[in-house]
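**Student:** need coordinates for the following:
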Amino acid sequence: MGEPAEVPDEIVERLRAVCLAFPEVVEERAWRGTRWRIRQRAFAHVLEVEDGNPPSYAQAAGTDGPVLTFRSAGPELAALSHAAHPFFKPVWAANVVGLVLDDDTDWDEVAELLTESYRVSAPRKPVERMPPV
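**Tutor:** Okay, the predicted model is just below:
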């Protein structure tokens, strides 16, 4: 078995541009793919699903290709948890939602989802330093 597939650079760059604009965010290589953290809490993780691996992501997403997981809360979490493709609901965390990234991805929506994920994950002081919604 070879090395895991990498998420295309252009996708990581788009996500990086959004995530690194938030206060105190750190980008790091994850066990697979790339994730962005606020202090010790990951609020976004992108990785490539290939040939059913990693199995938990492949099963949740139902497809190969790049996927993004992020955090949500309240009515948005409820709506996204029951939304159809390209969204999916992983079983490993109550407030995590996934999104299959493909040619039809709405990158403005992704930016909004990542902003909300950061707000859900970050402590109060860094959130207060963000521009108002």
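**Student:** partners of the longest strand seen in the chain, with directions?
**Tutor:** Criterion DSSP state E: the longest strand present in the chain is strand 41-49. Pairing partners of strand 41-49, with direction, according to DSSP bridges: strand 34-38 (antiparallel), strand 65-71 (antiparallel).
**Student:** list the buried residues in stretch 80-88.
**Tutor:** Of the residues in stretch 80-88, those buried under the neighbour-count criterion (16 or more other C-beta atoms under 10 Å) are 80, 81, 86, 87, 88. All C-beta atoms are positioned from the backbone trio N, CA, C, and that covers glycine.
**Student:** about what we covered before: can you give me the mean pLDDT across the longest strand of the chain?
**Tutor:** Rounded to a whole number, the mean pLDDT of strand 41-49 is 97.
**Student:** give me the contact list for it.
**Tutor:** With C-beta atoms under 8 Å, 6 or more residues apart in numbering as the contact definition, strand 41-49 has outside contacts at 4-7, 11-12, 15, 19, 30, 32-37, 54, 57-58, 61, 63-71, 101, 114, 117-118, 120-122.
**Student:** can you pull the buried residues of it?
**Tutor:** Going through strand 41-49 with 16+ other C-beta under 10 Å, the ones that come out buried are 42, 43, 44, 45, 46, 47, 48, 49.
**Student:** heading C-terminal from it, find the next helix or strand.
**Tutor:** Secondary structure here is assigned by DSSP states H and E; on that basis, the next helix or strand after strand 41-49 toward the C-terminus is helix 55-61.
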